[in-house]
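Chemist: I'll drop the sequence and a predicted model, then ask my questions.
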Amino acid sequence: MTPLRSELRDFNTMRMQAKCRSVIPVFSEQDVFDVLVQELHPLKIIGGGSNILITKDQDAYILKNEIKGIEIIDEDGDNALVKVGAGENWHLLVLWTISHGLGGIENLALIPGCVGAAPMQNIGAYGVEQESVFHSLQAIDLVEGTTKTFYKEDCKFGYRESIFKNEVKGKYIITHVNYLFSKHPKLNTSYGAINQKLQEKQVDNPTIEDVAHAVIEIRQSKLPDPKIIPNTGSFFKNPVVGIDVLESIKVRFPSVVSYPVDEKMVKIPAAWLIQHAGYKGMRHGDAATHENHALVLVNHGNATGNEMLSFAEIIQNGVEDKFGIRLVPEVNIW
Ligand code: EPU
């Protein structure tokens, strides 16, 4: 039995304390192959650690993805195909695209985490999801030690979902992601808050840089910085429910917020449900919902993973009792 020697607290943005056998940084595909020949089992992968809630010690070797590099590998007059190391910080990639005049992910500024996690979660914000610019990715099969390319249709992207969270969970380490960015970007400022921010700043003909700055300001004004208050962003997904469910909520709460999904379904912001069930800003020990945004669970100091999870369950039960909707975590529970 290998002792659990390494501490994971510095490797997850919720700052949960837990041990693992060891944390092994990998800087290249070759580093991954070198680990695989050592036959260390089981292996788990960590990137930025910004979308996991660790609830117990991990009897595993943790590969920390540090594969870096951003390069244009193909381009024409309209687009550039950019290969990115999965260990690159996502926000640094956004800044890189802006400085190169490439559009597509300016709405996704300041999302924490690394590039390898972006397709896994199919990250999104302000009306854009990463799948809209995703081209393909390279991954290494952790059992076979072979490399494999996944194209967009292979990834089964959905709302904060992909094949990597489901059918092939834990089977691969993503090493590189290829994105197709536009040299003639079409801006997506339809999301209310962005337009409002641009108007406030009196920007009439926004550039990708203006949009990114607007997003950065909006996020900074309401979402807690994990470096200051540990958190993992949105804790739950926004539930998609039938229109009948929305109508029944409207009887009691005429101002309920919703976004159409199709003719029969709507998305209701989990933050709205949590707030109107009375849990916004509520604190249980050091586990709490953030006072500016009910969907963000925060650790005010020394909450354990299980305390965070129990608090999440209290919220799930409270929301279900009041609205008949069971919230589902968006974060990965370890
Ligand atoms: N709202 C409340 N109470 C709150 C906060 C928000 O009632 O405390 C209501 C407001 O009416 C607001 C609505 O909820 O209009 C939606 O809130 P917001 O625009 O902040 O977005 P969200 O649905 O809570 C999603 C993503 C975020 C992404 C934002 C912006 C999910 C689970 N979350 O949040 O992504 O940044 O939209 O596009 O889809 C993440 O995934 O970790 C994440 C932060």
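Modeler: Nice, thanks for sending it over. Residues are numbered from 1 along each chain as shown.
Chemist: how about stretch 10-19, does it get close to the ligand?
Modeler: No. If you take C-beta under 6 Å from any ligand atom as the test, stretch 10-19 misses the ligand, and the best it gets is 10.8 Å. Yep, even glycine has a C-beta here, placed from its N, CA and C like the rest.
Chemist: CA atoms only: put that stretch into CSV for me.
Modeler: Output in CSV follows, covering the C-alpha atoms of stretch 10-19 (Å, rounded to 0.1, in the frame of the first residue of the first chain):
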residue,chain,number,x,y,z
ASP,A,10,-2.9,24.0,-3.3
PHE,A,11,-4.2,22.2,-6.4
ASN,A,12,-7.9,23.0,-6.1
THR,A,13,-9.5,26.4,-6.1
MET,A,14,-12.0,25.4,-3.3
ARG,A,15,-8.9,24.8,-1.2
MET,A,16,-10.1,21.4,0.1
GLN,A,17,-7.6,19.6,2.2
ALA,A,18,-7.0,16.0,1.1
LYS,A,19,-4.0,13.7,0.4
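Chemist: mind checking how far it is from the chain centre?
Modeler: Distance of stretch 10-19 from the chain centroid (C-alpha atoms, centre = their mean, to the nearest Å) equals 17 Å.
Chemist: How about residues contacting it?
Modeler: 4-9, 23, 46, 48-50, 52-58, 62, 64, 112, 226, 230-232, 297, 299, 303-305, 308 (C-beta atoms under 8 Å, 6 or more residues apart in numbering).
Chemist: Can you show me the helices along the stretch 1-150 of the chain?
Modeler: Counting by DSSP state H, counting those that start in this stretch, one finds helices in the stretch 1-150 of the chain at the ranges 29-37, 90-99, 117-121.
Chemist: What parts of the stretch 201-334 of the chain come near the ligand?
Modeler: Within the stretch 201-334 of the chain, the residues that sit near the ligand (C-beta under 6 Å from any ligand atom) are 233-234, 237-238, 257, 269, 271-272, 275, 280, 293-295, 330.
Chemist: Which of those residues are buried, as a PyMOL select command?
Modeler: In PyMOL, this line selects whichever of those come out buried by 16 or more other C-beta atoms under 10 Å:
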select buried, resi 233+234+237+238+269+271+272+275+280+293+294+295+330
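Chemist: Save the residues of the stretch 201-334 of the chain next to the ligand as a markdown table, and put in secondary structure and pLDDT too.
Modeler: Formatted as a markdown table, these follow (DSSP: H, G, I helix; E, B strand; the rest coil; pLDDT from 0 to 100):
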| residue | secondary structure | pLDDT |
| --- | --- | --- |
| Gly233 | strand | 94 |
| Ser234 | strand | 95 |
| Lys237 | coil | 96 |
| Asn238 | coil | 96 |
| Val257 | coil | 93 |
| Pro269 | coil | 97 |
| Ala271 | helix | 98 |
| Trp272 | helix | 97 |
| Gln275 | helix | 98 |
| Lys280 | coil | 97 |
| His293 | coil | 96 |
| Ala294 | coil | 97 |
| Leu295 | coil | 98 |
| Glu330 | coil | 94 |
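Chemist: Can you pick out the most distant pair from the residues of the stretch 201-334 of the chain next to the ligand?
Modeler: Using C-beta to C-beta, the two most remote members of those are Gly233 and Val257, lying 19.0 Å apart.
Chemist: can you tell me how far Gln121 sits from Gly158?
Modeler: Separation of Gln121 from Gly158 (C-beta to C-beta, to the nearest Å) stands at 11 Å.
Chemist: More neighbours: which of those two?
Modeler: Per other C-beta atoms under 10 Å, whichever of Gln121 and Gly158 has more neighbours is Gln121, with 23 against 13.
Chemist: longest helix of the protein?
Modeler: Using DSSP state H, we find that the single longest helix of the chain is helix 305-323.
Chemist: Give me the contacts around that helix.
Modeler: So helix 305-323 is in contact with 14, 16, 18, 53-56, 235-236, 245, 249, 270, 273-274, 276-279, 284-289, 297, 299, 303, 325-327, 329, 333-334, going by C-beta under 8 Å, 6+ apart.
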